[in-house]
Structures are given as C-alpha cells and as structure tokens.
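Peer 1: Can you look at this prediction? I've put the sequence above it.
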Amino acid sequence: MTVNNLRPLKILGVIYVATILFFIAVSLHTWGADDDKYFSDALINRSLFDFLNFRYHTWTGRILIEGIMVMTINHPWFFKIMIPLSLCVMAASMVKLAAKDRNVGIFTFCLSITLLLLINGDVMGEASWWVTGSYNYLQPIAAGLLSLAIFYTNRHGPLWTKLLSLVLLVFSCFNEIYSIVYAIPAIIAITISRKDYGKYSAIYLISSLVTTGFALTAPGNRERFYKETTRWFPDFPNFNIIDKVALGFDRLSSHLTEQNVLLLVFIGLLVACVTLQKKTISGLQLILMAVLTFKFALFFIFTRYSYPLKAFTHFEFLDFGNIADIKFFFPYAFSLFYFICLYFTHADLVRHSERHNKLTHHLYFRHCFCRYDGVKSDSVCIKLSSGFYFLIFLLYTLFFTWHSTRYNSSGHKVIWKSRPGGRVSRANSNHELFFT
C-alpha cells in the first residue's frame, strides 16, 4: 500500500475515533442518587478540608481523588472532557509501553481504543461511564499509565516532562490497588531492566511508595472494610487463607468462562503468533496450544443450557458446601490447567523480549492469581470495577503479543508482502510495516 493510499485510512481513523469520543461525551451525566448525589452535595455547608478529613478517618485514603471529584463533579463539562480524554490517554499509553519502536500510529491507536471498548459492558459501566466510578478507576489508571510511559521512554527528556510524570504518578497512586498491583512493580521492573539508579528513578519510586503508604494507612480503610463486608459479604471476615484463595480463584475462573471478548482475541492471537514465529513446534507447545484452541472453540458455543459444557464452565458463585462435587470441581481444575497453558505459551513468546517486558509478563499473571486476596478496599472482592484492573492488564499483554508478531527474535521487523498469485511472504527489515 502506497503512502497516498494511507492518507484516506488515516482520515477514516480520525473520523472513527472522533465519533466514539463525541458520543461518549454527550452521553455522560450524573445520577440524582447514590454516590453521584452524595459527592455532588459534599461541600454544602462544609469546607473541602472538613469533607476530606471526614472521609480520611471514616472511609478512604483517596483524598486527592475525592478532592478533585467534589470540586468538579457539578461541572459537567469537566467529566465530559476528562472521561474521553482518559480513554485516549490510556489507549496511547498502552501502545507506547508495549511497542518496541515506541511509536503510536493511527492504526495502533484505533486498535487500542477499540479493544478498550470491548471490555465487558458492566465493568466499563462501573469503572468508566459511571461518573463517580471514572474518578476512582479510569482517570487514575490513565494518569498512571501515561506517567509510566513518560518514565520509560523520556528519561533523558526535558525537566517539565519529568515533573509531569511525577504529578501524574502521585495522583494515580492514590488508587492503592493500581499502585500495589501494577505501578510499583512496573517501576521496579523498568528501573532494574535499564540499570538506571539515578535521582529521577529514586524520586519516582519513593513518590509512589509514600503516596501508596499514605492511602493504605488511612483510618477510614478499616471502617470501610467492616461496613462493606457487613453489607455485601458478611462471612468474609471469618474466611481463612485457603477460603480467600479459593474465592479469588473462583473470581478469576469467572473471567475465563464468561464471554470475554478480549480473552477470546488474546487466545487466537497468541496461538497465531507462536505458529507464525516458530520454525518447528515441539510436542509440549502443541499440547499447550491445543488446550487454548479447545477453549477458543468453547467460546463460540457458550450457553447455560448445554449440560456437556458445564464440565468446562461454572456459572454459579462459589459454594463451599459442594465444591467437592465433580460437576463443580472439574471446571475449576480445567480453568487452572487452561491458565497454566496460557502462561507458558505467552512466556515462550516473550522469551527474547526486553527484560522489563518479561518482568511485566510475570507480574501480570501474578496479579491474575492474587487479584482477589482480601485486600481491604473496593467492597472487598465482588465489585465489577475491580475486574477493570484484570482486563486493562490483559489489554497490555495483548498489545505486546500483537507487536511481537512484527519482530523476529533478532529484533528486526517482519514485513509481509504479497507475491503474484496471492502468496504472502515475510522479510526482515528495519523499516515500517507495509503491504504491497
């Protein structure tokens, strides 16, 4: 495809993104009840300091996030701009972090924003389209990913970019779950991979640790834990570590068995990547991919009324009274086996990648295993928005997997050309991907 032919595609890409952002913006509004109503009226007859002091001691340590929320939630123009902007920032930052060439083109940006919109509707509803939820999830995570992208790609850049990354980092780390699960491990992984132990890296890491510590040690966290568990999960305080691990795996398994479009795309791409990049495929690799392909096929016949499918899926919430029953036990065993296959297949694919991406790969899967381990926040372990972290990190892994198809193990780009007769060939080059 020539450069002239690419121009219409770029115009179409801009129209595509603009349409998405416009209709998101005009559709956003607050609800006259529940949390939206509470934060809209938060500063009636009291000062901002009084409100934040009250929240810090009775509910949460996210005082910077909530401070911005109560000052702006009554101005619709603010969240009508910030939510679409956060979506764009998140899409671009994931490409920037995952791509070896660090370039964000219109095609990869459109792909990234499309995949974000494929996240389960209920999850996106709570974490993004619900105005109060967006302040707690979408906006901090977008700020955090942009901060990490600046930290990783522009460490020798101007001072103002470093200051911007620090400000964004502090804001994002007030969401303690994002900070613990991804930000701090990613900072450590990036610092170790490039062996940069200078002042900027030290200040960056210390800022994340101090902010996270401040948010986690708020007296209100304990109060919220008891109130939320009493309301949503009264038996949770009586669970031992085995019960909590079992519950966590139950919630992880739900992401593997529901109609998760992102996971479907990831499986298909992962198998295709391994097949295209390997000259010879070992017996073990074939078995791993066979399991993934089997699961891929099950997604297309997903139904609650198929009795045979219940041997590989589990739709009910975990019941500790009947987990020993084979019809409950086998789906969990299969999910664990499937997840192990997913892990080793992807690990083999990233074996020749940059060190920080290897570490991020392991951190992502570690997060999947412990994402619901009883952390005292986010309504303990059952809010849909908690799944937002899982799916965002799945998107990052998906982008890295897709990008790896463009490179061979020596780091050269793979260029696909069409030959006469419709055949397709590969060639190594240091130039951009193109089609002929």
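Peer 2: Alright, I've got the coordinates.

Peer 1: ok, now how distant is residue 265 from residue 98?
Peer 2: With the distance defined as CB to CB, to the nearest Å, residue 265 ends up 15 Å from residue 98. Any C-beta I mention is one placed from the backbone N, CA and C, and that applies to glycine too.

Peer 1: With residue 86 instead?
Peer 2: 18 Å.

Peer 1: What distance do you get for residue 18 to residue 142?
Peer 2: Separation of residue 18 from residue 142 (CB to CB) stands at 19 Å.

Peer 1: And these two? Which one has more around it.
Peer 2: residue 142 (27 against 10; other CB atoms under 10 Å).

Peer 1: hang on, isn't that one packed against residue 89?
Peer 2: Yes. Contact criterion CB atoms under 8 Å: residue 142 and residue 89 qualify, at 4.4 Å.

Peer 1: who has more neighbours, residue 265 and residue 98?
Peer 2: residue 98 (23 against 17).

Peer 1: where does that one land on pLDDT?
Peer 2: Listed pLDDT for residue 98 reads 75.

Peer 1: which stretches of this structure have low pLDDT?
Peer 2: 1-5, 33, 100-102, 255-260, 277-278, 302-307, 310-311, 313-328, 349-436 (pLDDT under 70).

Peer 1: List the buried residues for stretch 55-73?
Peer 2: 55-56, 59-70, 72-73 (16 or more other CB atoms under 10 Å).

Peer 1: Closest to residue 11 out of those residues?
Peer 2: residue 72 (33.8 Å; CB to CB).

Peer 1: which residues touch that closest one?
Peer 2: Neighbour list for residue 72: 78-79 [criterion: CB atoms under 8 Å, 6 or more residues apart in numbering].

Peer 1: do that again at 6 Å, thanks
Peer 2: With contact set as CB atoms under 6 Å, 6 or more residues apart in numbering, residue 72 has these partners: residue 78.

Peer 1: Tell me the spacing between it and residue 79.
Peer 2: Relative to residue 79, and taking CB to CB, residue 72 is found at 7 Å.

Peer 1: Same question for residue 220.
Peer 2: Taken as CB to CB, the span from residue 220 to residue 79 is 24 Å.

Peer 1: just residue 153 next, same as before
Peer 2: 29 Å.

Peer 1: who has more neighbours, these two?
Peer 2: Taking neighbours as other CB under 10 Å, residue 153 and residue 79 compare with residue 79 leading, 22 against 14.

Peer 1: Do I have it right that that one meets residue 131?
Peer 2: Yes. If you go by CB atoms under 6 Å, residue 79 and residue 131 touch, sitting 5.2 Å apart.

Peer 1: Spit out the residues that contact these two alike.
Peer 2: Joint contacts of residue 79 and residue 131 (CB under 6 Å, 6+ apart) do not exist.

Peer 1: how about the strands in the chain?
Peer 2: For the chain, applying DSSP state E gives strands covering 413-418, 424-429.

Peer 1: what about residue 217, neighbour count?
Peer 2: 11.

Peer 1: Excluding chain neighbours, what is closest to it?
Peer 2: residue 61 (7.0 Å; CB to CB, 6 or more residues apart in numbering).

Peer 1: Report the separation between the residue lying closest to residue 36 once chain neighbours are set aside and residue 51.
Peer 2: Leaving aside its sequence neighbours, residue 36 sits nearest to residue 30 (CB to CB, 6+ apart; 4.1 Å). Computed as CB to CB, the residue 30 to residue 51 distance reads 18 Å.

Peer 1: cool, residue 15 as well?
Peer 2: 43 Å.

Peer 1: Which one's more surrounded, these two?
Peer 2: The neighbour comparison of residue 15 against residue 51 (other CB under 10 Å) goes to residue 51, with 18 against 10.

Peer 1: is it true that that one touches residue 39?
Peer 2: No. Using CB under 6 Å, residue 51 is not in contact with residue 39, being 9.4 Å away.
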